[in-house]
Structures are given as C-alpha cells and as structure tokens.
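Sequence below, structure please.
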Amino acid sequence: MSESFFSWHAGGCHCGGVRFEVALPPAVEAHSCNCSICDKTSFLHVIVPESRFRITKGAERLAEYTFNTRVAKHLFCAECGIKSFYRPRSNPDGWSVNARCLDSIEAVDLRIEAFDGQNWEANASELAHLSEELA
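Residues are numbered from 1 along each chain as shown. Okay, here's the model as predicted:
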C-alpha cells in the first residue's frame, strides 16, 4: 500500500509528558483483550509495524514493566502512569498503541474485535500479521 494510504495521528498520556504519532489506514482493526493487565487497564490495541510509530516527546519519562515471560515491554509515563503504547509479546517487531490515548479518532473507522488474552498461548497467532509491513 502506498504511503499516502496512511495518515498520521497524534496521541499521548494524561499529563502530556509523553507524546507519540502512529500512521493508520482509514479503517483500523483494534483488539479488546481480556488478559490480566489489559482487562484491568482497558487497553484497546492497535498494533502497527515499527515504521508506522514514533515517540515525539518524553521517551526519557517512560518507565518499563515486564511480567511472566518478560517479552512484552509495557511502557508507562512515570508522571501520570498512563500506558499509551508498548512492545507487545505477540508482535515484538512492532508497537501496540492504546486507541483510547489518541487525540482524535474521528477520521478513523475503528473496528473493535474481542481477543481472548486469557488463553494467550492458543490465540496469539491471530495477532502476528498486524506488525507486518503492508505491500
């Protein structure tokens, strides 16, 4: 897909200390996960390749949390505690952005799908394609 197919959207944490941009197509597949951490934080996943994500402010303010296999790198603003994005275990070559942390999603057709993260091992392969570059 051509670069013009994607448009850049800004977002950030609650206090504004961490800011990011993500390039999204007009229609976006988002996942509502029921795993232990996502369920408690209401994280709404939009997984993108490395090339379609950039931190624009506050990288030095990020604190990291890992658990279980320690593959996923959960990143939080050290000031307000919001996790706007992180490196997911399912897609360590990409980023998962919390759609709820985008400044505006009015121009995006957000399609929310349920993801059974409580049974992660059996279902993780459903997400693997999301961090691949689109041809």
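
For the rest of this, base every contact and every neighbour count on C-alpha atoms.
Noted.

Tell me where the model's unsure across this protein.
Scanning the chain for pLDDT under 70 picks out 1-4, 134-135.

which residue ranges form the helices in the protein?
Taking DSSP state H to define them, one finds helices in the chain at 36-41, 120-123.

Mean neighbour count and distance to residue 106 added to the ones you listed, as JSON lines?
Formatted as JSON lines, the helices of the chain follow (neighbours: other CA atoms under 10 Å; distance: least, CA to CA, whole Å):
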{"stretch": "helix 36-41", "mean neighbour count": "12", "distance to residue 106": "22"}
{"stretch": "helix 120-123", "mean neighbour count": "12", "distance to residue 106": "30"}
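
Format those as a markdown table; extra columns: distance to residue 112.
Output for those, formatted as a markdown table (distance: least, CA to CA, whole Å):
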| stretch | distance to residue 112 |
| --- | --- |
| helix 36-41 | 14 |
| helix 120-123 | 16 |
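
closest one to residue 20 among those helices?
helix 36-41 (19.1 Å; CA to CA).

Check the offset of that closest one from the chain's centre.
The chain centre lies 14 Å from the centre of helix 36-41; the measure is CA atoms, centre = their mean, to the nearest Å.

Please apply the same query to stretch 94-113.
Distance of stretch 94-113 from the chain centroid (CA atoms, centre = their mean) equals 8 Å.

Equivalent analysis for stretch 78-92, please.
Using CA atoms, centre = their mean, the offset of stretch 78-92 from its chain centre is 7 Å.

State the distance from residue 59 to residue 111.
Using CA to CA, to the nearest Å, one obtains 29 Å as the distance from residue 59 to residue 111.

ok, these two, which is more surrounded?
Remark: of residue 59 and residue 111, residue 59 carries more neighbours, 14 against 10, as counted by other CA atoms under 10 Å.

what sits against that one?
Shown in contact with residue 59 (CA atoms under 8 Å, 6 or more residues apart in numbering): residue 18.

State the distance from it to residue 113.
For residue 59, the distance to residue 113 equals 30 Å [CA to CA].

again, but for residue 16
Distance of residue 16 to residue 113, given as CA to CA: 28 Å.

before we move on, what about residue 33?
In terms of CA to CA, residue 33 sits 9 Å off from residue 113.
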